[in-house]
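Peer 1: Give me coordinates for this.
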Amino acid sequence: MEVIVRYYRILLPLTKKKYEALIRERNQLLYIEIPRVRLQLKKMRQKDDTLDNSEYDLLQEKDKQLNERLKEIDDYIQSIRKRPYN
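Peer 2: Numbers count the residues shown, from 1 in each chain. As a prediction, the model looks like this:
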């Protein structure tokens, strides 16, 4: 017997405070965190310090996670803007 489990994200009412926190997190990711990680990756590539380097792999994974979080926030904000007012 195969069991299929589906996860649904429950969207709670968004307060102004929560919206502002999301915007701050988005800006932090977009303008500070992601550029910092990419700069570190660039420096490591320039030094040719990428082969067999776990730090480089960790930075790549961190870059991926930061970009995924940024996309989640952007998608959530877009879904809020598209919802009709009741």
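Peer 1: Regarding the chain, what is its longest helix?
Peer 2: Longest helix in the chain, counting residues (DSSP state H): helix 54-82.
Peer 1: Name the residues of that helix that come out as buried.
Peer 2: The neighbour-count check on helix 54-82 (16 or more other C-beta atoms under 10 Å) flags 56, 59, 62-63, 66-67, 70, 73, 76 as buried. The way it works is simple: take the backbone N, C-alpha and C, and place the C-beta from them, glycine included.
Peer 1: Equivalent analysis for stretch 18-33, please.
Peer 2: By neighbour count on 16+ other C-beta under 10 Å, the buried set for stretch 18-33 is 22, 26, 29, 33.
Peer 1: where's Gln46 relative to Glu20, distance?
Peer 2: From Gln46 across to Glu20, the span is 38 Å (C-beta to C-beta, to the nearest Å).
Peer 1: Could you list the low-pLDDT ranges of this structure?
Peer 2: Applying pLDDT under 70 to the chain flags residues 1-13, 50, 81-86.
Peer 1: how about Leu30, what does it touch?
Peer 2: Leu70 (C-beta atoms under 8 Å, 6 or more residues apart in numbering).
Peer 1: Sorry, wrong one. I was asking about Leu59.
Peer 2: Neighbours of Leu59 in contact, by C-beta under 8 Å, 6+ apart: 37, 40-41, 44.
Peer 1: Quick check: closest non-adjacent residue to Leu14.
Peer 2: Spatial nearest neighbour of Leu14, excluding adjacent residues (C-beta to C-beta, 6 or more residues apart in numbering): Ile80 at 5.9 Å.
Peer 1: Now do the contacts for the residue positioned nearest the centre of the chain.
Peer 2: Among the residues of the chain, the one closest to the centroid is Arg69, at 1.7 Å (C-alpha atoms, centre = their mean). Going by C-beta under 8 Å, 6+ apart, Arg69 touches 25, 29.
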